[in-house]
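In: This is a predicted model, with the sequence first.
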Amino acid sequence: MRNKAADEGTRHDAHLGRPLAILLLACAPVSTPADEPAWHAVVEQTLAETCAIRKLPVKHPVEVRPMATFEGGYTKGIGSTVWEEQYAGAWRDGWCSVGVYCESRDEDKGTVKPAGRPRGLYDPASNVLYVNTESEEFNSTVAHEFTHALQHQNFPALNALHLWYNRDLAAAGNTVIEGGAHVVGWSFRPSRRMQLCMMTVEEDGSRQPQWWDWAPDDFTALEMFPHAFGPAISMETLLAGGTDGLDALLANPPLSTLAVLRPAKAGAVDFIRLPVDTLAGALSGRNCAVGLRNTVGAVGIWALFRIHDGASGDRPPAFVDEWQGDRFVHLSCPDENDELAWLIRWRTAHAAEAFAQRFRAIAPSVAKYGGVLGANPAAVLRNRSVIVATPGLVDTVAAIETSDVRTFSRYDDWIESGCFPQEAC
């Protein structure tokens, strides 16, 4: 994504000479003085070619620096360059309370791998592109990250997708961001072009990259989703509608991972504001603090059952097609006796019942896996909704059921609403 790695590598920048600042005011060929290092010319030429391929104007100067000069942080699963140090703990515990995207404390589970050093990233806050010029075919990375700069400058509403508080929306929306960047970047890298040929839309309308073996209990699963599913979507769109088609995707990206996984099944999405003050008040005597609030989404629910009851990695459970929206809040309490409230809304009562029954069977595994909940969560069925709650919050089910809900079918409508439910675009 714009401010996170497009690829992972292990080599560090070395012997790069002075930093290179390339200021582009228009898409035009560039030249390099004879005394400049050779990689400067490669970067400049790649930027010019990328600009011509993508057909988007450069609205603000972009500076290019060696990766060795990057001073920000990079936390796996979050990808932030700013707040990861103070937020990583709350992020981890919040997902562990749900039972997915968590560095498991259950020794029988967990496939977490250490994050590698990124080959490149684009930081939209400072409008700087960082690149490791000693990595193999680094011009592909330059093209990928510069495409992010063009996307960010021409579609500023995309900045709202860098959200820690709605990772399902972020993962879905970023498919068109990362996909578009991969399509451009891989055109500079012959060894990766075949990746596009391996991603096909199957007859039932499901997108499942043949090369992606994703790990649902890894922090990086949500980061990988846009890279895994985005290129096929962007390539299909490019072939059908050219770069204008890519622009249309960026103007209104998908609102949910269900829209990416099962486009024929996707519809309007419910965005939910939980009664957090009421929930915290129910625990007022226990010194609990409100932690992560987030959305699990269709791919997260699929991952949940992959981890805890061996669901297929090839297809989500059938009821996932009927997902309409969800929201959870984790409350951190002393002595690892945390609480969880999670409202999941479905399009049919049958899907809600199927989810509730299946979740009840895995509830003990969820509590053990995360290691933060003090007791097994219950699943309460309410028509087309399911409320998952730990014992300390069971008495608040009625309040959770009547949470404030707004429904959106388009990304631009969600933006215009103030980015409900937290109004923090």
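Out: It's in.
In: give me the low-pLDDT residue ranges for the protein?
Out: For the chain, applying pLDDT under 70 flags the ranges 1-36, 72-86, 103-117, 163, 191-220, 313, 424-425.
In: again, only this time at 80
Out: Scanning the chain for pLDDT under 80 picks out the ranges 1-39, 69-89, 103-118, 125, 135-136, 162-164, 189-223, 311-315, 422-425.
In: For beta bridges, what are the partners of residue 326?
Out: Here residue 326 sits in beta bridges with residue 344, going by DSSP bridges.
In: check contacts around it.
Out: 272, 295, 296, 297, 301, 342, 343, 344, 345 (C-beta atoms under 8 Å, 6 or more residues apart in numbering). C-beta coordinates here come from the backbone N, C-alpha and C atoms, glycine included.
In: which ones are touching the residue most central in space within the chain?
Out: Centre of the chain computed as the mean C-alpha position; nearest residue by C-alpha atoms, centre = their mean is residue 171, 2.9 Å away. By C-beta under 8 Å, 6+ apart, the contact set of residue 171 is 222, 225, 226, 257, 297, 299.
In: I'd like to know how far residue 293 sits from residue 228.
Out: 26 Å (C-beta to C-beta, to the nearest Å).
In: So which of the two has more stuff around it?
Out: More crowded of residue 293 and residue 228, by other C-beta atoms under 10 Å: residue 228, with 23 against 20.
In: In which helix or strand does that one reside?
Out: helix 221-251 (DSSP states H and E).
In: any idea how the protein splits into domains?
Out: Domain ranges of the chain: 1-74+115-151, 269-416, per automatic domain parsing.
In: Tell me which of those lies nearest to residue 177.
Out: domain 1-74+115-151 (5.8 Å; C-beta to C-beta).
In: Show me which positions of the helix or strand containing residue 88 end up buried.
Out: Taking DSSP H and E as the criterion, residue 88 maps to helix 84-98. Of the residues in helix 84-98, 84, 87, 88, 90, 91, 92, 93, 94, 95, 96, 97, 98 count as buried by neighbour count, 16 or more other C-beta atoms under 10 Å.
In: now the angle between helix 221-251 and that helix, please.
Out: Calculated by axes from the mean of the first three to the mean of the last three C-alpha atoms, to 10 degrees, helix 84-98 forms an angle of 100 degrees with helix 221-251.
In: where do the strands sit along this structure?
Out: If DSSP state E is used as the criterion, the strands of the chain fall at 8-9, 63-66, 117-118, 120-123, 128-131, 269-273, 289-294, 323-332, 339-346, 378-382, 385-389, 404-408.
In: Let me have those in JSON lines, adding distance to residue 57 as columns.
Out: Below are the strands of the chain laid out as JSON lines (distance: least, C-beta to C-beta, whole Å):
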{"stretch": "strand 8-9", "distance to residue 57": "30"}
{"stretch": "strand 63-66", "distance to residue 57": "17"}
{"stretch": "strand 117-118", "distance to residue 57": "27"}
{"stretch": "strand 120-123", "distance to residue 57": "17"}
{"stretch": "strand 128-131", "distance to residue 57": "17"}
{"stretch": "strand 269-273", "distance to residue 57": "32"}
{"stretch": "strand 289-294", "distance to residue 57": "35"}
{"stretch": "strand 323-332", "distance to residue 57": "37"}
{"stretch": "strand 339-346", "distance to residue 57": "41"}
{"stretch": "strand 378-382", "distance to residue 57": "51"}
{"stretch": "strand 385-389", "distance to residue 57": "46"}
{"stretch": "strand 404-408", "distance to residue 57": "29"}
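In: Let me know which of those strands is the nearest to residue 181.
Out: Residue 181 lies closest to strand 120-123 among those, at 9.1 Å (C-beta to C-beta).
In: just how off-centre is that closest one within its chain?
Out: 16 Å (C-alpha atoms, centre = their mean, to the nearest Å).
In: Helices of the stretch 1-150 of the chain, start to end?
Out: For the stretch 1-150 of the chain, the helices defined by DSSP state H, counting those that start in this stretch cover 38-54, 84-98, 138-154.
In: Show me what the first one is packed up against.
Out: Packing contacts for helix 38-54, counted by 3 or more C-beta pairs under 8 Å, 6 or more residues apart in numbering; DSSP states H and E, involve helix 138-154, helix 167-186.
In: could you dump the ones you listed to JSON lines with distance to residue 385?
Out: Putting the helices and strands packed on helix 38-54 into JSON lines (distance: least, C-beta to C-beta, whole Å) gives the following:
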{"stretch": "helix 138-154", "distance to residue 385": "36"}
{"stretch": "helix 167-186", "distance to residue 385": "17"}
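In: winner for burial among these?
Out: Neighbour counts (mean count of other C-beta atoms under 10 Å) averaged over each of the helices and strands packed on helix 38-54 peak at helix 167-186, with a mean of 28.
In: Please spell out which residues along the helix holding residue 228 are buried.
Out: Those would be 221-238, 246-247, 249-250, for helix 221-251 by 16+ other C-beta under 10 Å.
In: Also stretch 303-310?
Out: 303, 304, 305, 306, 307, 308.
In: How about stretch 410-425?
Out: By 16+ other C-beta under 10 Å, the buried positions in stretch 410-425 come out as 411, 414, 419, 421.
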